[in-house]
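**Student:** Here is a sequence together with a model predicted from it:
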Protein chains: 2
Amino acid sequence: MAKPPKENSPITEHLAYLLAQANREINRQLELRLSKEGVPVEQWRILKVLSDGDGHSMGELADAVLLNHPTLTKMIDRMVSDALVYRVQDPNDRRKVLMFISDRGKVLCKKLNSLAVDQEEHILESYGDKSTSELKRLLESLIDSSN
Amino acid sequence: MAKPPKENSPITEHLAYLLAQANREINRQLELRLSKEGVPVEQWRILKVLSDGDGHSMGELADAVLLNHPTLTKMIDRMVSDALVYRVQDPNDRRKVLMFISDRGKVLCKKLNSLAVDQEEHILESYGDKSTSELKRLLESLIDSSN
DNA sequence: TTGAAAATATTGAATATTCAAGAATTGAAG
DNA sequence: CTTCAATTCTTGAATATTCAATATTTTCAA
């Protein structure tokens, strides 16, 4: 009954692979819904973070939305063009730029939120309430233990 | 004790976000280890899938390693240049290309496997045996329920 | 106070990914 | 058989991401 050595285990048994697969699938579903408004998932994340109304620096935002700095800068450029967000120089530290959500951005964010809620409800239905909350708990704790 | 409406819940509570975050972190760690051999995670996956010695078509491979077709084609081009894998036209269906791992590829794959095992062991240590297997179980079942 | 090092954001070139179209082969209906 | 649709893979152009370098501002030690 000895376990086979890990080296020969199929890729589908690795945690890294299972996470990638699950992430890909859930992200694909979310993308599909958000595409109704023509918005990529990352932009929804940005809007959601900014919708607390506070100003967030680019560095803060990049961390929060899982994008690296140059990618975020360019995505924000597009969102500024679309008048969803705007830049303000931080008066306390002029190296920083504070990002804010516009009224237009808030309206869009509301629509996106309800599309995202649709998805979460769909997951709850097919996957179950209990499994979902247990999975969330485990993921949070994995993320914690990785820092 | 009513739950707050989901629409206002922070992004960090969404399953899609937790998955993205966990995936990013674990992938980053794995990347770091594999970079010792100068190999991206996707190439390790490809080698691992091919290391059963059977021929796998590009379509099959693309599914297995979570890459879309054109991206896979270009990555395989690089790996062929590096003599890690090779193409053979499928004799039974000449539309298909069967991919095989080379001896050089097998040698590299072994080294990569042990780097990957290192990581899994590191996760087991900091995150725990029980949590890890429970998380894997839940991820598998989420993936199942999404098809 | 000054000057060097650190922090923050952006830019541009190099690289990678994606989308849409194309080429080759097979399947299958008429 | 022949032809037309479907399947499989690759290519090229458009797009996006990343890396390294730059500009600006702040911090802090001498």
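**Tutor:** Here it is on my side, so go on.

**Student:** quick check: longest helix of chain A.
**Tutor:** helix A:103-127 (DSSP state H).

**Student:** which residues touch the helix or strand immediately after that helix in the chain?
**Tutor:** Counting by DSSP states H and E, the element after helix A:103-127 in chain order, helix or strand, is helix A:129-145. Helix A:129-145 has contacts (Cβ atoms under 8 Å, 6 or more residues apart in numbering or on different chains) with A:123-124, B:13, B:15, B:18-19, B:21-22, B:25-26, B:123, B:126-127, B:131, B:134-135, B:138-139, B:141-142. (Each C-beta comes from the backbone N, C-alpha and C, glycine too.)

**Student:** between helix A:129-145 and helix B:129-145, how many degrees?
**Tutor:** 130 degrees (axes from the mean of the first three to the mean of the last three Cα atoms, to 10 degrees).

**Student:** so how many other residues sit close to residue A:96?
**Tutor:** 17 (other Cβ atoms under 10 Å in any protein chain shown).

**Student:** that older thread, would you mind pulling up the elements that the longest helix of chain A packs against?
**Tutor:** Judged by 3 or more Cβ pairs under 8 Å, 6 or more residues apart in numbering or on different chains; DSSP states H and E, the packing partners of helix A:103-127 are helix A:15-34, helix A:41-50, helix B:15-34, helix B:129-145.

**Student:** about what we covered before: for PyMOL, write a command that selects the buried ones of the contacts of helix A:129-145.
**Tutor:** Remark: buried members of the contacts of helix A:129-145, expressed as a PyMOL selection using 16 or more other Cβ atoms under 10 Å in any protein chain shown:
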select buried, (chain A and resi 123) or (chain B and resi 15+18+19+21+22+25+26+123+127+131+135+138+139+142)
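
**Student:** Tell me the confidence at residue A:137?
**Tutor:** Per-residue confidence (pLDDT) for residue A:137: 97.

**Student:** So residue A:100 belongs to a strand, correct?
**Tutor:** Yes - the assignment for residue A:100 is a strand, going by DSSP: H, G, I helix; E, B strand; the rest coil.

**Student:** which intervals of chain A have sub-threshold pLDDT?
**Tutor:** A:1-7 (pLDDT under 70).

**Student:** who in chain A is up against DNA strand D?
**Tutor:** A:42, A:67-68, A:70-71, A:74-75, A:93-95 (Cβ under 7 Å from any atom of the strand).
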